[in-house]
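> Pasting the sequence and the predicted coordinates here, then a few questions.
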Amino acid sequence: MEARAELTGGSIARSLKLLGRGLRDVPGLFSIGILGSAIYGAATVASGWLLGRITDSVVEPALAGDDLVTARNVWLAGGALALVALMTAVGVVGRRAVTGAAVFHLQAKHRKKVTRQYTGLPLSWHRRHPTGQLLSNASSDVEAATHVFNPLPFALGVLVMLFIAGWAMLAADVVLGLTGLIVLPGILVANTFYRRYMSPLVTRAQHLRAEVADVAHESFDGALVVKSLGLEQREANRFEESAHRLRDANIGVGRARAVFDPVMDSMPTLATLLVLAVGTARVASGAAGVGDVVTASFLLTLVAFPIRSIGFVLGELPRALVGWTRIARVMDARDSLASGDTELRASDAARIEVNDLHYGYSDPSTGERTEILRGLDLDIEPGKTIALVGATGSGKSTLVNLLVRLDAPDTGEILVDGVDLQELSATSRTEQLALVSQETFLFDDTLRDNITMTDEGEGPSDESVWDALEVAQASGFVSRLSQGLDTHVGERGASLSGGQRQRIAIARALVRAPRFMILDDATSAVDPEVERAILTGLRSVNGGATVIVIAYRMATIAAADEVIHLDKGRVVSRGTHAELLAHDASYRSLLTAYERDTQNRQDEASAVTSGERGWR
């Protein structure tokens, strides 16, 4: 079983676990980055030590006219400095370029994990989590959780520099060395207070980032409603309020950093001043020499920026922990729709059996349980076209989601040719079953790619695509387009009408030759004659696929082989359209309401058309 992403323990334990996981996720690049930082640190300290030695053994004797200083000595000194400079350059490349690549690899890995988890979670989970929040998890939260790894290799690598510098200071004078090294516990103490104050501020800021993304997504996704009702200013004000709350939260985070960062910057300088003060006293007492004081203070000045890199890490840790916590909630969600490994190889129509199916949901605010399906039983014979009818809330859409495993039942089973749906492999399930909903989604791509949904050169042939378009009654208008299958349809298929989009969606399902199809009011935007032609054509798919149609038109329902009437999550009657008309009073009332609603829609459409003609 895969380990949980959630970090446990106190803040220090969680920080160490987060850093350890990140380093293990991209071990090669981070190892090179840490090694590069270590080389840089060693070379930096070596340059200071080497300059001192060259000054004593080459520069001063040469200025004094010592004949022992030869050209060979000068070249050796220059070569040593060049070697140290080369090491420094290699270290810089390692700690910057390689570390940057490692962080981008880590971000990509986390984003793939999060989005892959999204695709495996049921619709019930997605309904509880707004889209804007999910976008924020995969974008800003991932960045927050990984940004700490930019300075981390440098901070780990410069520990080598601190060790060497600390040893050199202690070797020069133990008291001065200990005085200079007091900066390290000072950093830890400052970070403890900073982390306690910073964590709630960062948590609120990350939450508000998701809120801003959610408001923006709703406004963009509902652009038609916003513009048609003249709500542009209202939506702008709503976004502005959300953005201002995020601004204020970020300012609060910035103020905290504005205090912490100068404290971290000043510590090496204060330590240097303290070393000079103590050193002056020790020189005056004869306990230490001037050179010892200069060495200790110079080394502290040398490691000031590397020590700052530790401050960068400590400053980013609270934000990283908050970002990871938000990501972990997604990755640890356990109501995933697991797939089995059973493969179905049959090519004819599928038999569908539903046994004692129960499904419900709990209100997140009250906890009250609402039962949608109550012990539903069905047996659908292969090759039959079934019309599924029922009043709003009767469980039609819920049953559809369960039949194609967009959700999982609380109890009960769904069998495809005697095999439990949850035991089918994901590949076999998507090959066997196809759903076309009323709300069709087309990508900003060509018609061909929207139908095949595969990479170029893979998937169904153009001949298969045209066959599917023929059955979906879409071949006519597609052939009249100037670029045919290569026509770009725009975002969400904006260049096509509602009926055309629905027919393309039907063709997208048909091109896979499914054995079982569900049309969830998928022909609502086409005229009745086209709808009848589509339903007739479906009988020829795969030798006659099993089809369930959720329909609201009398002609569509009457054309089905059998009608199943749902009410309150149960089958109340089933039979032919004529049989239900004769024996089911509630069915007759339902159809009367359907007809009235259909007529009202037609009247509204006619009124709009007449108004447009009058205006013209």
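Structure's in. What do you need? Since this is a predicted model, take the numbers as computed values, not measurements.
> Quick one: list the elements packing against the strand or helix carrying residue 316.
According to DSSP states H and E, residue 316 maps onto helix 304-331. Contacts defined by 3 or more Cβ pairs under 8 Å, 6 or more residues apart in numbering; DSSP states H and E place helix 304-331 against helix 11-25, helix 99-120, helix 131-138, helix 140-146, helix 152-172, helix 183-221, helix 232-285. In short, each C-beta sits where N, CA and C put it, glycine included.
> Pull out the buried residues from that helix.
304, 306-328, 330-331 (16 or more other Cβ atoms under 10 Å).
> Same question for stretch 419-427.
Neighbour counts using 16+ other Cβ under 10 Å place 419, 421-424 of stretch 419-427 among the buried residues.
> Could you work out the end-to-end span of it for me?
15 Å (Cα to Cα, to the nearest Å).
> and that stretch, average pLDDT?
In this model, stretch 419-427 has an average pLDDT of 83.
> That stretch: how far from the chain's middle?
Chain-centre distance of stretch 419-427: 26 Å, with Cα atoms, centre = their mean, to the nearest Å.
> Determine which stretch of the helices and strands packed on helix 304-331 is the most buried.
Sort those by mean neighbour count, taking mean count of other Cβ atoms under 10 Å, and helix 140-146 sits at the top with a mean of 23.
> Now that one - C-alpha only, PDB.
Only the C-alpha atoms of helix 140-146 are listed here, as PDB (Å, rounded to 0.1, in the frame of the first residue of the first chain):
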ATOM      1  CA  SER A 140       0.400  27.500  -6.400                       C
ATOM      2  CA  ASP A 141       0.400  24.900  -3.700                       C
ATOM      3  CA  VAL A 142       3.000  22.800  -5.500                       C
ATOM      4  CA  GLU A 143       5.100  25.800  -6.000                       C
ATOM      5  CA  ALA A 144       4.800  26.700  -2.300                       C
ATOM      6  CA  ALA A 145       5.800  23.100  -1.300                       C
ATOM      7  CA  THR A 146       8.800  23.000  -3.600                       C
END
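> i'd like the first residue to be 460 from this point on
Sure thing, new numbering starts at 460, so read that last one as helix 599-605.
> Off-centre distance for that helix?
Using Cα atoms, centre = their mean, the offset of helix 599-605 from its chain centre is 11 Å.
> Please apply the same query to stretch 733-747.
Using Cα atoms, centre = their mean, the offset of stretch 733-747 from its chain centre is 58 Å.
> for residue 817, helix, strand, or coil?
strand (DSSP: H, G, I helix; E, B strand; the rest coil).
> From residue 868, how far out is it?
Distance from residue 817 to residue 868, counting by Cβ to Cβ, to the nearest Å: 6 Å.
> Overlap of the contact sets of the two?
Counting by Cβ atoms under 8 Å, 6 or more residues apart in numbering, the contacts common to residue 817 and residue 868 are residue 832.
> the more surrounded of the two?
Ranked by neighbour count (other Cβ atoms under 10 Å), residue 817 and residue 868 place residue 868 first, with 22 against 15.
> For the more buried one, grab phi and psi.
phi -70, psi 160 (degrees, to the nearest 10).
> So what's the predicted local confidence for it?
Residue-level pLDDT assigned to residue 868 equals 85.
> gap between it and residue 849?
According to Cβ to Cβ, residue 868 stands 18 Å off from residue 849.
> wait, doesn't residue 883 sit right on residue 799?
Yes - Residue 883 is in contact with residue 799 according to Cβ atoms under 8 Å; the separation is 5.8 Å.
> Contacts only, for the residue nearest the centre of the chain.
Nearest to the geometric centre of the chain sits residue 597, at 2.8 Å (Cα atoms, centre = their mean). Each residue near residue 597 by Cβ under 8 Å, 6+ apart is listed here: 570, 573-574, 577.
> and the residue nearest to it when sequence neighbours are not counted, what is it in contact with?
Excluding its sequence neighbours, the residue lying closest to residue 597 (Cβ to Cβ, 6 or more residues apart in numbering) is residue 573, at 4.8 Å. Residues in contact with residue 573, defined by Cβ under 8 Å, 6+ apart, are 596-597, 601, 786, 789-790.
> Can you tell me the closest non-neighbouring residue to residue 929?
Residue nearest to residue 929 in three dimensions, not counting chain neighbours: residue 996, with 7.4 Å by Cβ to Cβ, 6+ apart.
> Residues in contact with whichever helix or strand that neighbour is part of: which ones?
Element membership for residue 996, per DSSP H and E: helix 987-997. The contact list for helix 987-997 (Cβ under 8 Å, 6+ apart) reads 844, 929-932, 958, 962, 965, 969, 976, 982, 985, 1004, 1006, 1008, 1012, 1014-1015, 1018.
> Give me the packing partners of the helix or strand hosting residue 894, helices and strands only.
Here residue 894, judged by DSSP H and E, is contained in strand 892-896. For strand 892-896, the elements it packs on are helix 957-969, strand 975-979, judged by 3+ Cβ pairs under 8 Å, 6+ apart.
> Okay, and the beta partners of residue 976?
Beta-bridge partners recorded for residue 976 (DSSP bridges): residue 893, residue 1006.
> So what's the residue count around it?
26.
> That one and residue 930: what is the separation?
Between residue 976 and residue 930 the distance is 11 Å, computed by Cβ to Cβ.
> do the same with residue 681
Counting by Cβ to Cβ, the gap from residue 681 to residue 930 is 33 Å.
> Ok, residue 670 next?
Counting by Cβ to Cβ, the gap from residue 670 to residue 930 is 45 Å.
> Tell me which residues touch residue 951, please.
Each residue near residue 951 by Cβ under 8 Å, 6+ apart is listed here: 900-901, 903.
> Equivalent analysis for residue 513, please.
536, 539-540.
> and what of residue 910?
Contacts of residue 910 by Cβ under 8 Å, 6+ apart are 919, 924, 927-928, 944, 963, 966-967, 970.
> from those, which is closest to residue 472?
Within these, the smallest distance to residue 472 is 49.8 Å, found for residue 967 (Cβ to Cβ).
> which residues does that closest one contact?
895, 909-910, 912, 927.
> of those, the lowest pLDDT goes to which?
When those are compared, the smallest pLDDT is that of residue 912, 78.
> Looking at the spatially closest residue to that one that is not a sequence neighbour now. What's its pLDDT?
Counting by Cβ to Cβ, 6+ apart, residue 967 is the residue found nearest to residue 912 once chain neighbours are left out, at 6.7 Å. At residue 967, the model reports a pLDDT of 86.
> try the one 4 residues further on
Per-residue pLDDT puts residue 971 at 82.
> Three-state assignment for it, please.
Looking at residue 971 with three-state DSSP, the answer is coil.
> Give the full set of residues in contact with it.
Taking Cβ under 8 Å, 6+ apart as the criterion, residue 971 is in contact with 889-890, 893, 919.
> Take the residues you listed and lay them out in CSV including pLDDT.
Output for the contacts of residue 971, formatted as CSV (pLDDT from 0 to 100):
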residue, pLDDT
889, 80
890, 78
893, 84
919, 75
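> Let me know the closest of the contacts of residue 597 to residue 480.
residue 573 (14.6 Å).
> ok, back up a step: dump the contacts of residue 597 into a markdown table; add pLDDT and distance to residue 559 as well.
Formatted as a markdown table, the contacts of residue 597 follow (pLDDT from 0 to 100; distance: Cβ to Cβ, whole Å):
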| residue | pLDDT | distance to residue 559 |
| --- | --- | --- |
| 570 | 90 | 17 |
| 573 | 87 | 21 |
| 574 | 86 | 23 |
| 577 | 83 | 27 |
